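Trainee: Have a look at this fold, sequence not included:
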């Protein structure tokens, strides 16, 4: 009797989850249907949870670590960009294999590892590689989490990983916790008496690439109750400006964030002497994203993809230090 009730209950409540405009999934009649951008996937319950996975993008590692699912990983590309100590240890022990890099993946090794699935961003120039893997009956799942511009929607990818790894409840709990932290912090930021003006990024050659007004950086600045100099811009991609344009726009900027990975203001000037003409360089505060960096690996791009609450907390600490007197920055560092 109980068994039939359970069956009936499962049947009558197909689960549908919308992570963002890009990614949704639903469960119906023993099949999980996933839509990711223009790609769709169907997995029968008997194929899940995945037990052996390969990641071709370090940006997805944060989700695996947050779910403590590192033991599912059998391969990664470009391991030098991975910050997680646990994953680096598993690489040293040979439990996770290095399967090459974006210049050249080791296709033979990937095929011999027989993964249940490979997760990667979709890169058009690798279409032949993907086809070769599919021809060898290897499941390739494309997820472009880096394109998400709303911080909590990027965090929500943890739900999909949880579903595929048999860790649904854990993933949901983690997401709820991060979401609550984020929204509480957003409310805290509104208590600030000042709303400082903020500049981001830096010059490459003769061009300053500024995140558009609808990018994740702009959303973080807004949620931290500060004024972004491009807040009225409606783009989800970078806007390009000359130094002269930045000079004119940045007269009253108090904080300059995400200013590369420089070691000091002196080193920054050696790269670009024009920075000395900016008011914020002389009288404001400059922050770089090197608080958790080891060689080529930077945890901002790893755990920071999931822990949007900690990223927001860093920005609030920078713009409104009086609101978080005891908090030490996680991902950011002030440039001296």
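Mentor: Sure, I can see it. Predicted model only: the values in this text are computed from it and were never measured.

Trainee: Flag the shaky bits of this protein, pLDDT-wise.
Mentor: Low-confidence segments of the chain (pLDDT under 70): 1-14.

Trainee: make it 50
Mentor: 1-13 (pLDDT under 50).

Trainee: Looking at the chain, which helix is longest?
Mentor: When the chain is parsed with DSSP state H, its longest helix is helix 168-189.

Trainee: Run through who's touching it.
Mentor: Contacts to helix 168-189, defined as C-beta atoms under 8 Å, 6 or more residues apart in numbering, come from residues 66-67, 151-152, 155-156, 158-159, 161-163, 223-225, 306-309, 312-313, 316, 319-320, 323-324. (C-beta placed from N, C-alpha, C; glycine too.)

Trainee: Just give me how far the next helix or strand after it sits from the chain centre.
Mentor: As assigned by DSSP states H and E, the chain's next helix or strand after helix 168-189 is strand 197-200. For strand 197-200, the distance from its own C-alpha centre to the chain's C-alpha centre is 21 Å (C-alpha atoms, centre = their mean, to the nearest Å).

Trainee: Can you name the residues in contact with strand 197-200?
Mentor: With C-beta under 8 Å, 6+ apart, strand 197-200 has contacts from 210-211, 217, 221, 226-229, 246, 250, 252-259, 280, 319.

Trainee: Repeat that for stretch 116-126.
Mentor: Contacts of stretch 116-126 (C-beta under 8 Å, 6+ apart): 37, 39, 47, 50-57, 59-60, 102, 110, 133, 138-146, 164.

Trainee: for the stretch 201-336 of the chain, what spans make up the strands?
Mentor: 203-204, 207-211, 227-228, 238-241, 255-257, 285-288, 293-294, 297-298, 333-334 (DSSP state E, counting those that start in this stretch).

Trainee: about what we covered before: give me the subset of the contacts of stretch 116-126 that lies in strands.
Mentor: Mapping those onto strands (DSSP state E) picks out 39, 53, 54, 55, 140, 141, 142.

Trainee: So how do I select the buried members of those in ChimeraX?
Mentor: This is how ChimeraX selects the buried members of the ones in strands among the contacts of stretch 116-126, with burial counted by 16 or more other C-beta atoms under 10 Å:
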select :53,54,55,140,141,142
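
Trainee: returning to that earlier point: can you list the buried residues in the longest helix of the chain?
Mentor: Using 16+ other C-beta under 10 Å as the test for burial, helix 168-189 gives 168, 170, 171, 174, 175, 178, 181, 182, 185, 186, 188, 189.

Trainee: Quick one: distance of that helix to the chain centre.
Mentor: Worked out by C-alpha atoms, centre = their mean, helix 168-189 lies 16 Å from the chain centre.

Trainee: now stretch 318-334
Mentor: For stretch 318-334, the distance to the chain centre is 21 Å (C-alpha atoms, centre = their mean).

Trainee: Equivalent analysis for stretch 77-92, please.
Mentor: That offset, for stretch 77-92, works out to 17 Å (C-alpha atoms, centre = their mean).

Trainee: May I see the buried residues of that stretch?
Mentor: Using 16+ other C-beta under 10 Å as the test for burial, stretch 77-92 gives 77, 78, 79, 81, 82, 83, 84, 87, 88, 90, 91.

Trainee: who touches the second one in this structure?
Mentor: For residue 78, the residues meeting the contact criterion (C-beta under 8 Å, 6+ apart) are 58, 101, 102.

Trainee: for these, which one is nearest residue 236?
Mentor: residue 58 (22.5 Å; C-beta to C-beta).
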